[in-house]
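> I would like to see how this sequence folds:
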Amino acid sequence: MTALEEAIAEGQASLTEHAAKRFLAGYGIPIPREALVSGAEAAADAAARIGFPVVVKASGARLQHKTEVGGIALHLRSAEEVLRESRRLAALPGCEGLLVAEMVRGDRELACGLTRDPQFGPCVMVGVGGVLTEALADAVFRVAPLTPPDAQEMLREIRAAKLLGPFRGEAAADREALAAILIALGEIGLRHPEIREIDLNPVKIRPDGAPVAVDALIGLAPRCG
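Predicted coordinates for the structure are as follows:
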């Protein structure tokens, strides 16, 4: 049974972040190097394997919005810092594990996602991400399925499209890789009606231009009956 099937069988409202990322990776969506562990010592070991700096997040089926409960520790540069923050995170209500991930570099952040419109069905979104998502409301939508020209057009239509060019000494964003993410989201929406929404925010653009989904939420449709 897959993580998606298990979550549905257990009546969960969403996948955990780690399970969501593993599912998305199966569709070719790039994710950071990361490991799900059970305690602080294991988190420190995982951080050493991944390479500092790292981010550690509390993981659990009920922890959808980790920032609001202090469930994320960023820019951890040593085993000592990982141990200290991991112990704090493990004590949070609903924490079932610790997600240790590379701290992805890059100044540009996008948001990509999938929603279900009552009339049009699965729709794919791309726009400005990170803390500016709600403030700027700079997003473009298309009905799935998407062709490569559809996805490229979406990227051109973002008002902040200049961010996809060379930026502050960083390479231009890999538009083909970004388009592939949008196409994959549309494919997921058509193949999996049990998925209500997908939120990839932020999708960071590395200094070399490669995109990576550093956070992911997959919301599930309510079970009938």
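> Which of the helices and strands in the protein ranks last by mean pLDDT?
Of all the helices and strands that make up the chain, the one with the lowest confidence by mean pLDDT, DSSP states H and E is helix 133-136; it has a mean of 62.
> Beyond that one, next helix or strand please.
strand 139-143 (DSSP states H and E).
> elements contacting that next one?
The contact analysis (3 or more CB pairs under 8 Å, 6 or more residues apart in numbering; DSSP states H and E) places strand 139-143 against strand 108-117, strand 121-128, helix 148-157. C-beta coordinates here come from the backbone N, C-alpha and C atoms, glycine included.
> any idea which element Ala177 lies in?
Assigned by DSSP H and E, Ala177 falls in helix 175-191.
> Of all the residues in that helix, which ones are buried?
Neighbour-count burial for helix 175-191, counted by 16 or more other CB atoms under 10 Å, picks out 175, 177-189.
> confidence score at Gly106?
At Gly106, the model reports a pLDDT of 94.
> and it, how many neighbours?
Using other CB atoms under 10 Å, Gly106 is surrounded by 20 other residues.
> what's the spacing between stretch 31-46 and its chain's center?
Centroid displacement of stretch 31-46 relative to its chain, using CA atoms, centre = their mean, to the nearest Å, is 17 Å.
> what about Asp199, distance to Leu217?
Using CB to CB, to the nearest Å, Asp199 is found at 4 Å from Leu217.
> Between those two, tell me which one has more neighbours.
Neighbour comparison, Asp199 and Leu217: the larger count goes to Asp199, with 21 against 17 (by other CB under 10 Å).
> mind exporting the helix or strand hosting that one as CSV, just the C-alpha atoms?
Element membership of Asp199, judged by DSSP H and E, is strand 195-205. Extracted in CSV, the C-alpha atoms of strand 195-205 (Å, rounded to 0.1, in the frame of the first residue of the first chain):
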residue,chain,number,x,y,z
ILE,A,195,-6.2,14.5,-4.2
ARG,A,196,-8.1,17.8,-3.4
GLU,A,197,-5.2,20.2,-3.6
ILE,A,198,-1.4,20.4,-3.9
ASP,A,199,0.6,23.4,-2.6
LEU,A,200,4.3,23.7,-3.3
ASN,A,201,5.5,26.8,-1.6
PRO,A,202,8.1,27.7,-1.8
VAL,A,203,9.7,26.3,-5.0
LYS,A,204,13.1,27.7,-4.6
ILE,A,205,15.3,28.6,-7.6
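> Now do that strand: which elements does it pack against?
By 3+ CB pairs under 8 Å, 6+ apart, strand 195-205 packs against helix 17-25, strand 108-117, helix 175-191, strand 211-213, strand 216-220.
> quick one: which of those is nearest Gly60?
helix 17-25 (9.5 Å; CB to CB).
> What spatial separation is found between the residue lying closest to Gly209 once chain neighbours are set aside and Glu102?
Of all residues not flanking Gly209 in the chain, Ala171 sits nearest, at 3.9 Å (CB to CB, 6 or more residues apart in numbering). Going from Ala171 to Glu102 by CB to CB gives 19 Å.
> what about Ala137, neighbour count?
By other CB under 10 Å, the residues close to Ala137 number 10.
> coming back round to it: more neighbours: Ala171 and Glu102, which one.
Taking other CB under 10 Å, Ala171 and Glu102 do not tie; Glu102 has more neighbours (17 against 14).
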